[in-house]
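In: sequence first, predicted coordinates after that:
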Amino acid sequence: MKLIFLGPPGAGKGTQATGVSSNLRVPHISTGDMFRNAIKNQTPTGLEAKRYMDAGQLVPDSVVVAMVKERLAMDDCQNGYILDGFPRTVPQAEALDTIAKIDVVVDLDVADEELIARLSGRRVCLACGATYHVSRLNGETKCASCGEELIQRKDDSAETVLNRLNVYHEQTAPLVDYYQKKGNLKVIDGAQDMDTIFESILAVVKG
Ligand code: AP5
């Protein structure tokens, strides 16, 4: 099963992809996580991506497409995968069309006001990738999964969140129409509680 999780920043793509990936036993491929790892390891790709990410801008298509092509050629992708955060532009979607046939595109639909509240309160664990919201942490500052310190992502600052939302509306939202025309788009109300969204996603992908 080859899936794309589409949606604005903060829609819950990463949260849902983690659970759906274990349920379907396919890898969760997040281009944002791949770039954050590359930054941590100070690779040339990481160094190039950092300045775009810190500003809330998209990394150039050529860099992202090369990285994803390499990842999808790996053995663990042969039975399917969940793409989280890719494609994000029409040229990226066109490049993906040349290498894969996607079964379902799940679009998590959430209003901007809710996204701003989610992102400004998000805390993440850089060690294991777990994601939390301050409203549910009760003052806890360590990761419940691995015990490491939780941090706020640099691109979750108020100004950068607004840039990311603008970039989403200008460059990524056209993909909703792109996949609607292909006939494999499933829109899910991403403002519901996490468990309801999870069940809705499984229902549409298992059809
Ligand atoms: P990336 O890491 O992909 O960021 P994003 O798309 O902006 O997505 P987020 O991770 O912010 O949100 P999410 O939808 O995963 O939400 P989450 O589950 O965490 O990309 C970062 C950067 O890398 C980009 O800006 C760009 O520079 C670069 N990049 C990456 N891919 C690229 C590409 N293809 N092309 C070019 N550049 C690229 O949830 C958010 C919060 O909400 C959490 O606190 C969570 O607990 C909470 N939450 C989740 N679901 C719910 C719910 N149902 N109800 C209440 N709270 C919820």
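Out: Arrived safely, thanks for sending.
In: the closest residue to the ligand within the chain: which element?
Out: For the chain, the residue closest to the ligand is G32, as judged by Cβ to the nearest ligand atom, at 1.9 Å. For every residue, glycine as well, the C-beta is placed using N, CA and C. Counting by DSSP states H and E, the secondary-structure element that holds G32 is helix 31-40.
In: what packs against that helix?
Out: Counting contacts by 3 or more Cβ pairs under 8 Å, 6 or more residues apart in numbering; DSSP states H and E, helix 31-40 is packed against helix 44-54, helix 61-72, strand 81-84.
In: deepest-packed of those, please.
Out: strand 81-84 (a mean of 24; mean count of other Cβ atoms under 10 Å).
In: so I188 versus K182, what's the distance?
Out: Taken as Cβ to Cβ, to the nearest Å, the spacing of I188 relative to K182 amounts to 17 Å.
In: of the two, who's got more company?
Out: Remark: of I188 and K182, I188 carries more neighbours, 23 against 12, as counted by other Cβ atoms under 10 Å.
In: shouldn't that one be within a strand?
Out: Yes: under DSSP: H, G, I helix; E, B strand; the rest coil, I188 falls within a strand.
In: what's the closest non-adjacent residue to it?
Out: Closest residue to I188 in three dimensions, ignoring its sequence neighbours and counting by Cβ to Cβ, 6 or more residues apart in numbering: S200, at 5.0 Å.
In: and the one you found, what's its pLDDT?
Out: Per-residue confidence at S200 stands at 98 (pLDDT).
In: could you export the helix or strand it falls within as CSV, CA atoms only?
Out: Applying DSSP H and E as the criterion places S200 in helix 194-206. What follows is helix 194-206 as a C-alpha-only set of coordinates in CSV (Å, rounded to 0.1, in the frame of the first residue of the first chain):
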residue,chain,number,x,y,z
MET,A,194,-6.8,11.7,17.2
ASP,A,195,-8.4,8.2,17.6
THR,A,196,-11.4,9.1,15.4
ILE,A,197,-9.0,10.4,12.7
PHE,A,198,-6.9,7.2,12.9
GLU,A,199,-10.0,5.0,12.4
SER,A,200,-11.2,7.1,9.5
ILE,A,201,-7.8,6.8,7.8
LEU,A,202,-7.7,3.0,8.2
ALA,A,203,-11.3,2.9,6.8
VAL,A,204,-10.4,4.8,3.7
VAL,A,205,-7.1,3.1,3.0
LYS,A,206,-8.4,-0.4,3.6
